[in-house]
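S.K.: Quick one: sequence and predicted model below, then my questions.
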Amino acid sequence: MKGGRPGRILAFTLLLLGGVVMVTPLLFMLATSLKTGDEVYALTFLPRAPTLENYVDILTRSPFGRWFAVSFTVSTVSTLSVLFFDSLVGYTLAKFRFRGRGVVFVLILSTLMIPTEMLVIPWYVMAKSMGWLDTLWGIMFPGLMSGFGVFLMRQFFLGVPDALLDAARIDGLGEFRIFWEVALPLVAPALSALAIFAFLGNWTAFLWPLIVTTSPGLYTVPVGLASLSGEFQTDWEMIMTGASIATIPTLLVFIVLQRNIIRGIMLTGLKG
Amino acid sequence: MFFAVVRFWPAVDAMMLSVSRWNLVGPRQFVGLANYERMAGDPVFWQVLGNTFEYLLLGLPVSLVLAFVIAFYLDRVEYGQGLLRALYFLPHLTTATAMAWVWRWFYQPPPVGLFNAWLGALGFGAQPFLRSTTQALPAVLVAAIWAALGFQVVIFMAGLKAIPRSYYEAAAIDGAGFWQILREITLPLLAPSVVFLLITTSIGLLRIFDLVYNITAGGEGGPLNATKPLVLSIYQSAFARMDMGYASAQTVVLFVILLALSLLQMRLLRGRDEGGRG
């Protein structure tokens, strides 16, 4: 099975090279965000005199701080909502027998096949008639639950032994406390995976926030970035600064949670 | 309840809209299949559909083969595997909007664009990239493949790790060569990961939007619609021209394509299970 030693060194070198190529766009983005306007056209990679001027500039000239707050609020609220409701529904579907359980499950599963793109127009119509256009709630409401999350949580709750829940019942715990204190801690890996997916999904969402918001004060980071970049046109160092601000948080999250994220993806890849 | 209101009803509503003419302000008007007829006679629609499949048919094999090769060798690396994997995975976590602008900058004509600067330094002529009707779509696709590669590598690696080492050892003892082991052990046992990625990658490519909207000037979809995918066309019909009926008809087309893919996946998965039992 072992390739020769030179073969392995060659493979390693090629992989490393490929990896460097993969992060090159990110490095260029960061490096350019630290350059002054005149230096952008120089072919050098590293800025001669790194400066945070662009960051100060962009934060004072545009409501980037606000967009950040909007994105953060939307992503956090949606993630918490997804975690709570999806696990509750998933648990109910996995552990209780009731009439129509199969129908409900199939209905929820089938929503997985309906693409967001098909739903944005009816959502828009709905939001318009309810007066939700251009509000925080309007950005959030479609993402408060996800069929994927329900499916994932159900699969994991199926693995929780009934005997454990029955023991808790005999001990006199209420149904909600059984869910909250006994079952939920047992599926912690699935919860953390779901939390990461939900947060990143909301953080990077573009189409729906673009449609539902019209006032710049309510843009999310991606929508704000798109409008800002359109405005800057050829000030590439400013655009790269905006792109960096949008990207740095997810990179930080990855560095902190790397293991969880990769494990989460592997989990869903194998269970899905 | 939530699902009924926010996911299910809108889907039905979209189908109904697709047989109506409506500009969002006036009353809805039932027009039968007129929207679909208009679609069939609309050259831009066919071009957009062709683009969408071009993203799919070019992007799918390239990205999956690339991801498999990387995962295959990465799986054997003994030192620094985590770090290498992180390098490949990082782009997957970025915001497509932000990355679209980075790539857009790379593709600019000289003296701004990085790629053209490099080409110039190597003595080649400048390429138009995003401004050309033939190069623009592949240029966008490169960025799309780049962004999704890390995810695919991680999934493939998970699949590879699930194959017991003893299988390889047994095959090696039996004298099987590299290609034979690959074809008869690795790939068949990796089938679940392959099917999963085939479907998720196809769906991702068919729904491509953020990247194209941002990478092509002002979200128009490239020179002469050269890069415009279906979702961008839907967005423009609905929210630039307020033609909700025509836009909905296009979403129904997208839905049918995705549904066909999902059914295909189920068939493939079921076929595999039966094969496993037999």
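M.R.: On my side now, so go ahead. Numbering: from 1, shown residues only, chains lettered A, B, ... in the order given.
S.K.: Any stretches of chain A with poor pLDDT?
M.R.: A:1-4, A:38, A:41-44, A:113, A:233-234, A:268-272 (pLDDT under 70).
S.K.: Counting by contacts, list what the host helix or strand of A:Met22 packs against.
M.R.: For A:Met22, the host element (DSSP states H and E) is helix A:5-33. Helix A:5-33 makes packing contacts with helix A:236-271, helix B:43-74, helix B:81-89, helix B:96-106, helix B:136-161 when contacts are defined by 3 or more C-beta pairs under 8 Å, 6 or more residues apart in numbering or on different chains; DSSP states H and E. Bear in mind the C-beta positions are built from the backbone N, C-alpha and C, glycine included.
S.K.: What count of nearby residues applies to A:Phe28?
M.R.: When counting by other C-beta atoms under 10 Å in any protein chain shown, one arrives at 16 neighbours for A:Phe28.
S.K.: Check whether it really touches B:Ala117, as I assumed.
M.R.: No. In this structure A:Phe28 lies outside contact range of B:Ala117 using C-beta atoms under 8 Å: 11.6 Å.
S.K.: before we move on, back to that, now do the helix holding A:Met22 and helix B:136-161, the angle between them.
M.R.: Inter-element angle recorded for helix A:5-33 and helix B:136-161: 130 degrees (by axes from the mean of the first three to the mean of the last three C-alpha atoms, to 10 degrees).
S.K.: Format the CA atom coordinates belonging to the next helix or strand after helix A:5-33 as CSV.
M.R.: Downstream of helix A:5-33, the next assigned helix or strand under DSSP H and E is helix A:53-61. Output of helix A:53-61 as CSV, limited to C-alpha atoms (Å, rounded to 0.1, in the frame of the first residue of the first chain):
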residue,chain,number,x,y,z
GLU,A,53,-6.5,53.6,7.0
ASN,A,54,-8.9,51.8,4.7
TYR,A,55,-10.7,50.2,7.6
VAL,A,56,-11.1,53.5,9.4
ASP,A,57,-12.2,55.1,6.1
ILE,A,58,-14.8,52.5,5.3
LEU,A,59,-16.3,52.4,8.8
THR,A,60,-16.7,56.2,8.8
ARG,A,61,-17.9,56.6,5.2
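S.K.: Now the next helix or strand after helix A:53-61: buried residues?
M.R.: Next helix or strand after helix A:53-61 toward the C-terminus (DSSP H and E): helix A:64-81. Judged by neighbour count (16 or more other C-beta atoms under 10 Å in any protein chain shown), helix A:64-81 contains these buried residues: A:64, A:67-68, A:70-72, A:74-75, A:77-79, A:81.
S.K.: Dump those into TSV; add distance to B:Val65 as well.
M.R.: Listed next are the buried residues of helix A:64-81 as TSV, based on distance: C-beta to C-beta, whole Å:
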residue	distance to B:Val65
A:Phe64	40
A:Trp67	38
A:Phe68	39
A:Val70	40
A:Ser71	35
A:Phe72	38
A:Val74	37
A:Ser75	34
A:Val77	40
A:Ser78	36
A:Thr79	35
A:Ser81	39
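S.K.: now, which of the residues you listed sits nearest B:Glu78?
M.R.: Set against B:Glu78, the nearest of the buried residues of helix A:64-81 by C-beta to C-beta is A:Thr79 (36.9 Å).
S.K.: contacting residues for A:Gly65?
M.R.: Taking C-beta atoms under 8 Å, 6 or more residues apart in numbering or on different chains as the criterion, A:Gly65 is in contact with A:Leu59.
S.K.: and among the helices and strands packed on helix A:5-33, the most buried is which?
M.R.: helix B:96-106 (a mean of 25; mean count of other C-beta atoms under 10 Å in any protein chain shown).
S.K.: got the CA coordinates for that one in CSV?
M.R.: Output of helix B:96-106 as CSV, limited to C-alpha atoms (Å, rounded to 0.1, in the frame of the first residue of the first chain):
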residue,chain,number,x,y,z
ALA,B,96,-19.7,34.4,-1.8
THR,B,97,-20.4,38.1,-2.2
ALA,B,98,-17.0,39.1,-0.8
MET,B,99,-15.2,36.5,-2.9
ALA,B,100,-17.0,37.5,-6.0
TRP,B,101,-15.4,40.9,-5.7
VAL,B,102,-12.0,39.5,-5.1
TRP,B,103,-12.2,37.4,-8.2
ARG,B,104,-13.7,40.2,-10.2
TRP,B,105,-10.6,42.2,-9.3
PHE,B,106,-8.3,39.3,-10.3
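S.K.: From the contact counts, what lies against it?
M.R.: helix A:5-33, helix A:221-232, helix A:236-271, helix B:114-121, helix B:136-161, helix B:210-215.
S.K.: Please report the distance of A:Thr116 from A:Ala163.
M.R.: Distance, A:Thr116 to A:Ala163, by C-beta to C-beta, to the nearest Å: 40 Å.
S.K.: who has more neighbours, the two?
M.R.: Set A:Thr116 next to A:Ala163 and count neighbours by other C-beta under 10 Å: A:Thr116 wins out with 17 against 8.
S.K.: ok, that one to chain B distance?
M.R.: 8 Å (C-beta to the nearest C-beta, to the nearest Å).
S.K.: Ok, A:Phe254 next?
M.R.: 5 Å.
S.K.: any chance of the helices and strands packed on helix A:5-33 in TSV, plus distance to A:Thr220?
M.R.: TSV is the format used below for the helices and strands packed on helix A:5-33 (distance: least, C-beta to C-beta, whole Å):
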stretch	distance to A:Thr220
helix A:236-271	10
helix B:43-74	25
helix B:81-89	24
helix B:96-106	10
helix B:136-161	19
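S.K.: Quick check: which of these is nearest to A:Ala11?
M.R.: Using C-beta to C-beta, the helices and strands packed on helix A:5-33 put helix B:43-74 closest to A:Ala11, at 4.7 Å.
S.K.: Which member of the buried residues of helix A:64-81 is positioned nearest A:Ala226?
M.R.: For the buried residues of helix A:64-81, the nearest to A:Ala226 is A:Trp67 (10.8 Å; C-beta to C-beta).
S.K.: contacting residues around the closest residue to the closest one other than its chain neighbours?
M.R.: Nearest non-adjacent residue to A:Trp67, counting by C-beta to C-beta, 6 or more residues apart in numbering or on different chains: A:Gly224, 3.8 Å away. Shown in contact with A:Gly224 (C-beta under 8 Å, 6+ apart): A:62-64, A:67, A:216.
S.K.: among these, which two are most distant?
M.R.: The widest separation within the contacts of A:Gly224 (C-beta to C-beta) is 10.6 Å, between A:Phe64 and A:Pro216.
S.K.: Save the helices and strands packed on helix B:96-106 as TSV, and put in distance to B:Arg267 too.
M.R.: Shown next, in TSV, are those (distance: least, C-beta to C-beta, whole Å):
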stretch	distance to B:Arg267
helix A:5-33	34
helix A:221-232	36
helix A:236-271	20
helix B:114-121	42
helix B:136-161	20
helix B:210-215	30
